[in-house]
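In: coords below, sequence missing:
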C-alpha cells in the first residue's frame with residue numbers, strides 16, 4: 001500500500017495532467033497501428049498495459065510530439081511505476097521523463113513531476129520488497145531529475161532503508177571499482193557528473209555508513225574509489241584471504 005506522501009503525489013499527478021492528449025500525434029506507422037496511435041490523441045482513456053510500455057520506451061523520434069505523448073500518459077505511467085505493473089520498464093530502458101525537458105513545463109506540472117519522483121523513491125526505501133530493485137529505481141529517479149545528490153543525501157537511516165543501501169552499494173561497487181558506470185540508461189555529460197558524485201559520496205559518507213552497518217569489505221572497497229585505477233588494483237586488500 002502506498003505511503004500517504006506517494007498517494008498525495010499520485011493524486012496531484014492525476015489532477016494536474018487530467019485530460020491531456022497529443023492532438024496532432026501521428027506516431028510511427030511501422031511500430032503502431034492507427035487505432036493505437038489514435039489513443040494518444042484521445043484524452044480520458046486508459047491505454048492497455050502492453051501498449052503503454054511500448055509507447056513509453058520507444059525513442060522520441062517515433063512521435064511527432066514526444067513531450068505531449070509523455071504528458072498524455074503520465075497519470076497512468078506514474079501509477080504503474082508506483083504499483084509495479086510497468087512490466088519491462090523500470091530497469092530495462094530509458095524512462096520517457098528522462099528524455100523530455102519537463103522542467104520547462106508550466107510550474108504546476110514540473111512541481112508535480114518532481115514531487116512524485118521523490119515520493120516514489122521514499123516509498124521504495126520504506127518497502128522491504130518493492131516491485132523493482134532499489135538500484136533500478138535509484139537510476140530511474142536520478143535520470144529523471146538529472147542528479148544523484150538529493151537521493152544520496154536524503155537516504156533515511158532505518159533497517160529497511162539500510163538494507164536497500166547495502167544492496168545498492170554492492171551493485172554500484174561492482175562497476176565503480178573497475179571504473180565502469182553503474183548506470184545502464186544514462187549517458188553524456190550528465191551521466192559523468194552523476195557517476196562522479198556517486199563515487200565521491202560512496203567513498204566518504206557511504207563508506208562510513210557501510211562500516212557502521214557491519215560491512216567492512218564493502219566499506220574498504222568504497223574507500224578505494226578515489227585512488228587511481230592502478231593503485232586501486234594493487235592495494236593489499238585484494239590479496240587478503
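Out: Received, thanks. Note that the coordinates shown come from a computational prediction; the quantities given were computed from them, not determined experimentally.
In: before we move on, what SS does the residue most central in space within the chain have?
Out: By C-alpha atoms, centre = their mean, the chain has its centre lying nearest to residue 140, at 1.1 Å. Under DSSP: H, G, I helix; E, B strand; the rest coil, residue 140 falls in the helix class.
In: Could you double-check that it sits in contact with residue 92?
Out: No. Assessed by C-beta atoms under 8 Å, residue 140 is found out of contact with residue 92, at 10.3 Å. C-beta coordinates here come from the backbone N, C-alpha and C atoms, glycine included.
In: Quick one, grab the pLDDT at the residue nearest to the centre of the chain.
Out: For residue 140, the pLDDT comes out at 96.
In: roughly how far apart are it and residue 40?
Out: Noted for residue 140: a distance of 22 Å to residue 40, by C-beta to C-beta, to the nearest Å.
In: do residue 185 as well
Out: 23 Å.
In: the more surrounded of those two?
Out: Each of residue 185 and residue 40 has its neighbours counted (other C-beta atoms under 10 Å); residue 40 has more, 26 against 18.
In: Just the local confidence number for the more buried one, please.
Out: As predicted, residue 40 sits at a pLDDT of 98.
In: And the one 5 residues further on, by the same measure?
Out: As summarised for this prediction, residue 45 has a pLDDT of 93.
In: Can you tell me the closest non-neighbouring residue to it?
Out: Excluding its sequence neighbours, the residue lying closest to residue 45 (C-beta to C-beta, 6 or more residues apart in numbering) is residue 39, at 6.1 Å.
In: okay, now that neighbour: neighbour count?
Out: Residue 39 is flanked by 22 other residues according to other C-beta under 10 Å.
In: That one is in what secondary structure piece?
Out: Applying DSSP states H and E as the criterion places residue 39 in helix 34-40.
In: which residues touch stretch 110-117?
Out: 6, 9-10, 12-13, 16-17, 74, 78, 97, 102-105, 141, 144-145 (C-beta atoms under 8 Å, 6 or more residues apart in numbering).
In: joint contacts of residue 140 and residue 92?
Out: Taking C-beta under 8 Å, 6+ apart as the contact criterion, residue 140 and residue 92 have no common neighbours.
In: what stretches of the chain score poorly on pLDDT?
Out: When residues are selected by pLDDT under 70, those of the chain lie in 1, 241.
In: Do a quick rundown of the strands in it.
Out: In the chain, no segments count as strands under DSSP state E.
In: Any idea how far stretch 180-200 is from the middle of the chain?
Out: Remark: stretch 180-200 is offset 13 Å from the chain centroid, using C-alpha atoms, centre = their mean, to the nearest Å.
In: Mind listing what's buried along it?
Out: Residues 182-183, 185-186, 191, 194-195, 198-199 are the ones in stretch 180-200 that count as buried (16 or more other C-beta atoms under 10 Å).
In: same question, stretch 95-104
Out: The neighbour-count check on stretch 95-104 (16+ other C-beta under 10 Å) flags 95-100, 102 as buried.
In: Nearest to residue 162 among the residues you listed?
Out: Using C-beta to C-beta, residue 95 comes nearest to residue 162 of the buried residues of stretch 95-104, at 26.3 Å.
In: roughly how far apart are that closest one and residue 59?
Out: Applying C-beta to C-beta, the value for residue 95 to residue 59 is 13 Å.
In: Between all of the buried residues of stretch 95-104, which two are separated the most?
Out: Maximum pairwise distance among the buried residues of stretch 95-104 (C-beta to C-beta): 10.9 Å, between 95 and 102.
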